[in-house]
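Participant: fold the following.
(2 chains)
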Amino acid sequence: MLVALSAGEAGVVDQPVAVGTEWDGALIDLYRAQRLPLLRLAVLLTDDPGTAEDVVQDAFLALQRRWHAVDPAAATGYLRTSVVNGVRTLYRRSRVARRHLHTAAPEDVSSADLAVLLTEEYREVVEALRTLPRRQREVLVLRYWSELSEAEIAAALGIARGTVKSSASRGLASLQKHLGDRRVR
Amino acid sequence: MSDELEQRLRSSLRAYADLVDAPTGEDLPARSATPATPRAALRRWRGATLVAAATAAVVAASVWLVTGDGNEPVAATSAGSVESGAEGSAELPESDTWAAAEAPAGPGDVLAPPPSPEVGVAYPLDLLTHCGVLGTDIGGVWFAADPPLVDGAGNPPPGWGNPYQRGTVTLLTSGEAVFGDEAAHEVRLRAADESARPGPCD
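Facilitator: Residues are numbered from 1 along each chain as shown, chains lettered A, B, ... in the order given. Okay, the predicted model is just below:
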């Protein structure tokens, strides 16, 4: 169903050999242009580059299957929503698995953490961000990293604009408190 | 103070994101490269698990027959139950089969209409049913199920997939749509005010 790639120089996307549904030129261009930003968005939401890579790959595969029905102008928004939904689904499943298997929560596990490479000033903010409820974190990342408007965030997350506003406000207040508390300590 | 915080948040997110390098390979994603998801793995093992459970039940019933006190009517009933249980495990009801076979297989597999859907076009949709069949988002507008279908305990009625039911959604007009699937479910959806949109379903 999917395409097979002919061998070529490393780092160069060869023209796909069509087997069923093709990756047409516009989709390949979109993949080249959006893969890294989406990967970064997914890392900002998951803190895990491996998981982020899987979520982004799945988002492109889902888009490829529906490419005939998607307005190319809206494809980036579709991918963004797909990534956010992918992250949510992953968390929902891991929560269910933890409930039944009594395994540790991701936040309880110390793993290789990209954030340790940040300066202290930035690392404090990232760590504070991790303490927020998932929706508040999504809203803040989409607002302050993706630079989306309230309406765009509402569409991406499938929530009301009022919820975007209140989530952003509560998230910022929690960050402020968290960072203030750290200063005091 | 808030401006300062916003600026600090922006800079921190940018610095964090910049730590993520461009991937070394640029191969296009392929289905075979996607790791098996828990759901896919569960699906693969479901049949074997049910067969194993049925086998265990048969063994238990046999042991009971051998060691029992000769209460044959009860034993016969028990064996009959086991047989029908084994048959049931091999073949799920039609709607459950559909839900199991077609539910989203991976995180990005959840299907949704495009941001600007057209009237009269059937778009594949994984309808979120986790808290009941309440409605769905179509092009940024909340379409409420008319009537909503909830089993009374915050779940979809029996026969529906959970957390998703795969089917198609078609806009009949700009304010009315219909969801349908191969299990013959059909739900009318009507555009509703944002205030009608339910809260997060976790």
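
Participant: residues near the closest residue to A:Leu38 other than its chain neighbours, how many?
Facilitator: Nearest non-adjacent residue to A:Leu38, counting by Cβ to Cβ, 6 or more residues apart in numbering or on different chains: A:Val56, 4.8 Å away. Where C-beta positions appear, they are placed from N, C-alpha and C, glycine not excepted. Neighbourhood size, A:Val56 [other Cβ atoms under 10 Å in any protein chain shown]: 29.

Participant: equivalent analysis for A:Ser174, please.
Facilitator: 17.

Participant: pLDDT score for residue 157?
Facilitator: Here I'm looking at chain A. At A:Leu157, the pLDDT value in this model is 86.

Participant: right idea, wrong chain: chain B
Facilitator: According to the prediction, B:Pro157 has pLDDT 85.

Participant: buried residues in stretch B:194-201?
Facilitator: Within stretch B:194-201, the residues that count as buried by 16 or more other Cβ atoms under 10 Å in any protein chain shown are B:Arg197.

Participant: what are the contacting residues of that stretch?
Facilitator: Contacts to stretch B:194-201, defined as Cβ atoms under 8 Å, 6 or more residues apart in numbering or on different chains, come from residues A:135, A:159-162, B:128, B:130-131, B:134-135, B:142, B:144.

Participant: let's have the residues you listed in a markdown table, adding distance to A:Arg143.
Facilitator: Output for the contacts of stretch B:194-201, formatted as a markdown table (distance: Cβ to Cβ, whole Å):
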| residue | distance to A:Arg143 |
| --- | --- |
| A:Arg135 | 12 |
| A:Ile159 | 13 |
| A:Ala160 | 15 |
| A:Arg161 | 12 |
| A:Gly162 | 15 |
| B:Leu128 | 24 |
| B:His130 | 27 |
| B:Cys131 | 27 |
| B:Leu134 | 27 |
| B:Gly135 | 26 |
| B:Trp142 | 21 |
| B:Ala144 | 28 |
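
Participant: among those, which ones are in helices?
Facilitator: A:135, A:161-162 (DSSP state H).

Participant: buried subset of those, written for ChimeraX?
Facilitator: In ChimeraX, this line selects whichever of the ones in helices among the contacts of stretch B:194-201 come out buried by 16+ other Cβ under 10 Å:
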select /A:135
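
Participant: out of the ones in helices among the contacts of stretch B:194-201, which are close to chain B?
Facilitator: Subset of these in contact with chain B: A:135, A:161-162, counting by Cβ under 8 Å from any Cβ of the partner chain.

Participant: what mean pLDDT does stretch B:134-147 have?
Facilitator: For stretch B:134-147, the per-residue pLDDT averages 88.

Participant: if we look at that stretch, which residues are touching it?
Facilitator: Stretch B:134-147 is contacted from outside by A:154-155, A:158, B:112-117, B:125, B:127-128, B:133, B:148, B:150, B:169, B:171, B:177, B:179, B:187-194, B:196-198, using Cβ under 8 Å, 6+ apart.
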